[in-house]
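K.L.:
Model the structure of this input:
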Amino acid sequence: MNDKPSVGMVRALICEDEPLAVKAIREYLRDVEWIRLVGEARNGPEAVRLVQKLEPDLVFLDVRMPGLTGLEVLDAITHLPAIVFTTAFDEYAVPAFDAGAVDYLVKPFGQERFLQTLDRVRVRLLGEGLAAGEQPRSQGAQYAPRLFARHRGSIIPVPVSEIARVDAAPGGVSLVTKKGTFSLDATMAELENRLDPREFVRVHRSHVVNLTHVASIQSYDERRLILKMQDGGELVASRRGSKALRELMG
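P.N.:
Predicted structure coming up:
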């Protein structure tokens with residue numbers, strides 16, 4: 001996830017090869033005062049070049065483009081913006097959310113659906129539009145001691161201290177504990193706002209880790225770290241996540 005824009009203005013890039021989709025995105029963004037378009041790419045290699053050059057906060061990224069797919073574009077970039085995937089093929093939804101996408105728009109999409117996506121973007125990048133009028137937490141605010149999540153048709157209170165990690169999932173997130181995995185209808189960004197950042201760290205687009213459940217942290221390669229969890233699992237942190245971990249470790 002990209003850092004929040006410093007002045008409340010989101011810089012957006014369109015990476016889309018279908019003219020009608022590009023036209024729709026432009027039209028729907030015309031009156032959105034907090035988003036500024038900074039460029040457009042019509043193929044995968046151009047998308048990589050512009051993301052790296054312009055470092056946008058948000059990218060509308062087509063899953064299928066000439067040259068490189070949207071997922072291949074993500075593998076090729078080092079700048080990590082918030083991503084909204086656009087595609088005519090809904091079978092890519094799971095890998096899209098696994099990659100930490102804010103949302104997944106199936107073409108052709110209308111303005112109402114697009115505005116729902118912008119609500120999620122605004123929460124993630126600007127910390128605005130939180131549920132029930134909730135405001136972004138100030139320093140020293142109290143964080144949630146438990147989360148209410150779904151499990152086998154019931155709503156279960158899950159103590160935050162028992163959550164080993166949070167994984168991105170289609171339509172929400174998964175809370176992984178020793179007792180099982182629970183589903184929560186929230187974005188990764190919404191959940192991060194409710195968790196203490198001294199204990200929960202975003203180590204990857206798709207993973208937030210509770211440091212109290214980490215057994216050890218070791219070098220994976222020159223730039224990335226690998227976390228070995230107390231339950232025996234392993235997670236390779238992204239370059240951005242590895243940098244955050246190194247800063248925490250001093």
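K.L.:
Only C-alpha atoms from now on, for both contacts and neighbour counts.
P.N.:
Will do.
K.L.:
continuing past the helix or strand containing Val158, what's the next helix or strand?
P.N.:
Assessed by DSSP states H and E, Val158 sits inside strand 154-159. Downstream of strand 154-159, the first helix or strand assigned by DSSP H and E is strand 165-169.
K.L.:
would you say Leu115 is within a strand?
P.N.:
No: counting by DSSP: H, G, I helix; E, B strand; the rest coil, Leu115 is located in no strand; its state is helix.
K.L.:
Contacts only, for it.
P.N.:
By CA atoms under 8 Å, 6 or more residues apart in numbering, Leu115 lies in contact with Tyr28.
K.L.:
Glu40 now?
P.N.:
Counting by CA under 8 Å, 6+ apart, Glu40 has contacts Leu13, Ile14, Cys15, Glu16, Ala47.
K.L.:
ok, and the closest non-adjacent residue to it?
P.N.:
The shortest distance from Glu40 to any non-neighbouring residue, by CA to CA, 6 or more residues apart in numbering, is to Ile14 (4.7 Å).
K.L.:
next SSE after the strand or helix carrying that neighbour?
P.N.:
Ile14 is part of strand 10-15 when elements are defined by DSSP H and E. Note on strand 10-15: by DSSP H and E, the next helix or strand toward the C-terminus is helix 19-29.
K.L.:
tilt between that next one and strand 10-15?
P.N.:
Relative orientation of helix 19-29 versus strand 10-15 (axes from the mean of the first three to the mean of the last three CA atoms, to 10 degrees): 170 degrees.
K.L.:
Who are the packing partners of helix 19-29?
P.N.:
Helix 19-29 sits against helix 111-126, with contacts defined as 3 or more CA pairs under 8 Å, 6 or more residues apart in numbering; DSSP states H and E.
K.L.:
If you count neighbours, what's buried in the helix it packs on?
P.N.:
For helix 111-126, a neighbour-count test (16 or more other CA atoms under 10 Å) marks Phe114, Thr117, Leu118, Arg120, Val121, Arg122, Val123, Arg124, Leu125, Leu126 as buried.
K.L.:
Restricting to C-alpha, output that helix in PDB.
P.N.:
Provided in PDB are the C-alpha atoms of helix 111-126 (Å, rounded to 0.1, in the frame of the first residue of the first chain):
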ATOM      1  CA  GLN A 111     -20.900   5.200 -12.500                       C
ATOM      2  CA  GLU A 112     -22.600   3.900  -9.300                       C
ATOM      3  CA  ARG A 113     -20.300   0.900  -9.100                       C
ATOM      4  CA  PHE A 114     -17.300   3.100  -9.800                       C
ATOM      5  CA  LEU A 115     -18.200   5.500  -7.000                       C
ATOM      6  CA  GLN A 116     -18.400   2.600  -4.600                       C
ATOM      7  CA  THR A 117     -14.800   1.800  -5.600                       C
ATOM      8  CA  LEU A 118     -13.800   5.400  -5.000                       C
ATOM      9  CA  ASP A 119     -15.200   5.200  -1.500                       C
ATOM     10  CA  ARG A 120     -12.900   2.300  -0.800                       C
ATOM     11  CA  VAL A 121     -10.000   4.200  -2.300                       C
ATOM     12  CA  ARG A 122     -10.700   7.200  -0.100                       C
ATOM     13  CA  VAL A 123     -10.700   5.100   3.000                       C
ATOM     14  CA  ARG A 124      -7.400   3.400   2.100                       C
ATOM     15  CA  LEU A 125      -5.500   6.500   0.900                       C
ATOM     16  CA  LEU A 126      -7.000   9.400   2.800                       C
END
